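S.K.: sequence and predicted structure, then a few things I'm wondering about:
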Amino acid sequence: MAKLLGISGSLRRGSFNTALLRAAAEVAPEGTTLVVETLHGIPLYDADLEAADGIPEAVTRLKAAIVASDGLLLVTPEYNNGIPGVFKNEVDWLSRPSDDSARVFGALPVAVIGASPGGFGTILAQAAWLPVLRTLGTNPWFGGRLQVSGAGKIFADGALADETTRSRLAGFIAGFAAFAERTSRL
């Protein structure tokens, strides 16, 4: 029974990626839980802020949730052919202090998916995550791939409306859950 944590890399209320994450939680296989998180409440990383006030409560709470999970699902938008700054900012906070990074990310099963209105899904943002995940010492899952393109036609009223995409998502989540359960560091 896998316990997954998913984080949407978008702050937008009508985010396709947050909707994709909610749909992933809905299609998770029986016995798998997928907890949905967002970036809200995490300030821009500032070493002076960290030195003065320590790690913000929202970051501490999210770090604890990651540590308690069997795997992490990053649901990434693609901005200007790369990782959104706010999403990378969150990971920068989560890796602080540097001597705590291995506890949070070390050998953690991680998968990356995303949705975009464009024709290539989030292929470049997903590829841009790879060196970050390597640096953090995670255990990326390469057994599946999911880039949702044409998101404006796939989602309606904040929900995944396309059954083909829903089926592909269900297969992806089932595969990642099995990987996370098999390789979990817990």
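M.R.: The structure has been received and is ready for your questions. Since we're looking at a predicted model, the values are computed, not measured. Numbers count the residues shown, from 1 in each chain.

S.K.: might you list the low-confidence residue ranges for this protein?
M.R.: 186 (pLDDT under 70).

S.K.: the strands in it, which residues?
M.R.: Assigned by DSSP state E, the chain shows strands spanning 3-8, 33-37, 71-75, 109-115, 139-140, 147-148, 155-156, 159-160.

S.K.: please compute how far the fifth one lies from its chain's middle.
M.R.: Centroid separation for strand 139-140 versus its chain: 13 Å, with CA atoms, centre = their mean, to the nearest Å.

S.K.: and if you look at the fourth one?
M.R.: In terms of CA atoms, centre = their mean, the gap separating the centre of strand 109-115 from the centre of its chain is 6 Å.

S.K.: likewise for stretch 153-164?
M.R.: Counting by CA atoms, centre = their mean, stretch 153-164 comes out at 19 Å from the chain centroid.

S.K.: again with stretch 92-104
M.R.: Relative to its parent chain, stretch 92-104 has a centroid offset of 16 Å by CA atoms, centre = their mean.

S.K.: all the helices of the chain, residue numbers only.
M.R.: Assigned by DSSP state H, the helices in the chain fall at 16-27, 47-53, 57-67, 85-94, 101-105, 123-136, 151-154, 163-183.

S.K.: ok, back up a step: export the strands of the chain as CSV, with columns for distance to L20.
M.R.: Where C-beta positions appear, they are placed from N, C-alpha and C, glycine not excepted. Below are the strands of the chain laid out as CSV (distance: least, CB to CB, whole Å):
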stretch, distance to L20
strand 3-8, 8
strand 33-37, 11
strand 71-75, 6
strand 109-115, 5
strand 139-140, 19
strand 147-148, 6
strand 155-156, 8
strand 159-160, 7
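
S.K.: possible to save those as JSON lines with mean neighbour count and distance to S95?
M.R.: Output for the strands of the chain, formatted as JSON lines (neighbours: other CB atoms under 10 Å; distance: least, CB to CB, whole Å):
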{"stretch": "strand 3-8", "mean neighbour count": "24", "distance to S95": "14"}
{"stretch": "strand 33-37", "mean neighbour count": "18", "distance to S95": "16"}
{"stretch": "strand 71-75", "mean neighbour count": "28", "distance to S95": "13"}
{"stretch": "strand 109-115", "mean neighbour count": "27", "distance to S95": "13"}
{"stretch": "strand 139-140", "mean neighbour count": "18", "distance to S95": "16"}
{"stretch": "strand 147-148", "mean neighbour count": "22", "distance to S95": "25"}
{"stretch": "strand 155-156", "mean neighbour count": "17", "distance to S95": "31"}
{"stretch": "strand 159-160", "mean neighbour count": "18", "distance to S95": "31"}
